[in-house]
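Engineer: quick one, fold the following:
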Amino acid sequence: MNASMLSYILFSCLLLSVQAEYCSVQEIIRYTMRLLGDSSVSCPCRQTAVSSCSCLPIPEPGHELACFAEGTKHLMENNQSSNAVITRLYLTFQSLLDRNLCQSLARENQCQYETKGNVKEFLNKILRTYQAFSK
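Structural biologist: Residues are numbered from 1 along each chain as shown. The predicted model follows:
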């Protein structure tokens, strides 16, 4: 391995760590894990019936940030017991979106999705997306 290849690898690693920092990866993983451990957020997805926990968007690539902000806002507004963790998660996603950070997850500020899922599926999508950054 020559010196230029080594410097390229080191630079790539640096960019990934900066991207992870700008995306609030560890903070989002921590909040999401806490919510997944809370059984009160696992209500079913009912696409036809009106429910306090309707279906949440499972984003297409490049639209994650907008869909995560939209979904957590819905959770925040429709959660009977106000949950500070949901609020912090929403504010983090919205701040990243407003400040144009974490571009690989926000090519557009619009949420695009083909499917919807229940709260647990939505939170698992957040977790899988952000765990991919931390590897």
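Engineer: quick one, helices of this protein?
Structural biologist: For the chain, the helices defined by DSSP state H occupy 3-22, 25-36, 64-78, 84-98, 119-134.
Engineer: tell me the buried residues in the fourth one?
Structural biologist: In this case it means helix 84-98. 85-90, 92-94, 96-97 (16 or more other C-beta atoms under 10 Å). Any C-beta I mention is one placed from the backbone N, CA and C, and that applies to glycine too.
Engineer: how about JSON lines for those, with pLDDT added?
Structural biologist: Converted to JSON lines, the buried residues of helix 84-98 look like this (pLDDT from 0 to 100):
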{"residue": "Val85", "pLDDT": "89"}
{"residue": "Ile86", "pLDDT": "90"}
{"residue": "Thr87", "pLDDT": "91"}
{"residue": "Arg88", "pLDDT": "91"}
{"residue": "Leu89", "pLDDT": "92"}
{"residue": "Tyr90", "pLDDT": "93"}
{"residue": "Thr92", "pLDDT": "92"}
{"residue": "Phe93", "pLDDT": "91"}
{"residue": "Gln94", "pLDDT": "91"}
{"residue": "Leu96", "pLDDT": "89"}
{"residue": "Leu97", "pLDDT": "89"}
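Engineer: what's near enough to touch Asn124?
Structural biologist: For Asn124, the contact set (C-beta atoms under 8 Å, 6 or more residues apart in numbering) comprises Leu36.
Engineer: distance of it relative to Glu114?
Structural biologist: Asn124 sits 17 Å away from Glu114, going by C-beta to C-beta, to the nearest Å.
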